[in-house]
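Enquirer: pasting a predicted model and its sequence here:
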Amino acid sequence: MHFNKCSEATRNPNPTPDLNPNLNVSKTMQAAYFLRAFTVINSASPTSSTMQRRRSIRRAAYASMARAAGNRRAWSRAVLRRLHRGVCLSSSARRVVIRRRIRVSRPREPGQADVLRSLVPGGKAMDFCNLLEETATYIQCLSAQVRRGRKDIRWVYYPG
Amino acid sequence: MSSRRSRTITEEEINELISKLQSLLPETRRRGAGRASASKLLKETCNYIKSLHREVDDLSDRLSGLMATMDTNSAQAEIIRSLLRS
């Protein structure tokens, strides 16, 4: 299967919303990763609490998103790093700060840029342009993950 | 990607990226056609991401609840089926 990242989102002088063709391929990959994780969760601990299962499913959702996007996006690398370290993914939890040597220059940024940085994984180390690009693919993958989740639940209720 | 750091980023390029973000927002969150300020657009984007995070949480809740009630084989079978259909 030819693997594409979630979107091209490169510095294309003629940006068109033609991000969907690529998205179809990685949607399948995203679903495949999620299914694999879901299977592991299922077989691992039948006696785990709903809370633990919820946490595992949530981690699986973000992991499958990040793995489908691969190493090519900073946000997916950041997500995979956090998962690897076992850091809580919730945005309300205290974050481990990675000290970076890269100096972020912030000319003429709108006020909301910092809020956005706190929402996109790895955002704090990005310059504004990178942040905008990363946000675009992050949103695409997040919404694909949500659509996937809704579908899964719908099929449970209305199979066939 | 590294070449970007060696040149200045133009206002035009930033506007391009911001309008691409605008096109990714759902219809109800776009501030009218055209010239919303960058700040407003970023704010909408932040709100949208937060709502997506909440949805992932909510779906995880529901899925984990379902897992508790279903036997594992049928849960997996349903997901495989929906995967094949998509």
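Expert: Received the coordinates, thanks. Numbers count the residues shown, from 1 in each chain, chains lettered A, B, ... in the order given.
Enquirer: for chain B, give me the ranges with low pLDDT.
Expert: Flagging of chain B using pLDDT under 70 yields the residue ranges B:1-7, B:31-36, B:67-86.
Enquirer: tell me where it has helices.
Expert: Remark: helices assigned in chain B by DSSP state H are B:11-24, B:38-69, B:72-85.
Enquirer: including mean neighbour count and distance to chain A, could those go into a markdown table?
Expert: For the C-beta atoms, the positions are set from N, CA and C on the backbone; glycine is no exception. Formatted as a markdown table, the helices of chain B follow (neighbours: other C-beta atoms under 10 Å in any protein chain shown; distance: least, C-beta to the nearest C-beta, whole Å):
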| stretch | mean neighbour count | distance to chain A |
| --- | --- | --- |
| helix B:11-24 | 16 | 4 |
| helix B:38-69 | 18 | 4 |
| helix B:72-85 | 15 | 4 |
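Enquirer: A:His84: which of those is closest?
Expert: helix B:38-69 (19.4 Å; C-beta to C-beta).
Enquirer: so the closest one versus helix B:11-24, what angle?
Expert: With axes from the mean of the first three to the mean of the last three C-alpha atoms, to 10 degrees defining the directions, helix B:38-69 sits at 40 degrees from helix B:11-24.
Enquirer: pipe the helices of chain B into a markdown table and attach distance to A:Arg36 per row.
Expert: What follows is the helices of chain B, written out as a markdown table (distance: least, C-beta to C-beta, whole Å):
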| stretch | distance to A:Arg36 |
| --- | --- |
| helix B:11-24 | 28 |
| helix B:38-69 | 15 |
| helix B:72-85 | 10 |
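Enquirer: and A:Lys151, which of those is closest to it?
Expert: Smallest distance to A:Lys151 across the helices of chain B (C-beta to C-beta): 5.1 Å, for helix B:72-85.
Enquirer: now the helices for chain A?
Expert: Secondary structure of chain A by DSSP H: the helices cover A:20-44, A:50-69, A:74-85, A:113-119, A:128-157.
Enquirer: check contacts around the nearest residue to A:Glu134 once chain neighbours are set aside.
Expert: Of all residues not flanking A:Glu134 in the chain, A:Trp75 sits nearest, at 4.9 Å (C-beta to C-beta, 6 or more residues apart in numbering or on different chains). The neighbours of A:Trp75, taking C-beta atoms under 8 Å, 6 or more residues apart in numbering or on different chains as the test, are A:66, A:69, A:120-123, A:134, A:137-138.
Enquirer: hmm, back to that, which one of the helices of chain A has the lowest average pLDDT?
Expert: When those are compared on mean pLDDT, helix A:20-44 scores lowest, with a mean of 63.
Enquirer: how close does the residue nearest to A:Glu134 get to A:Tyr138?
Expert: In this structure, A:Trp75 and A:Tyr138 are 5 Å apart, going by C-beta to C-beta, to the nearest Å.
Enquirer: what does B:Ala38 give?
Expert: In terms of C-beta to C-beta, B:Ala38 sits 18 Å off from A:Tyr138.
Enquirer: could you do A:Arg55 as well?
Expert: Applying C-beta to C-beta to A:Arg55 and A:Tyr138 gives a distance of 21 Å.
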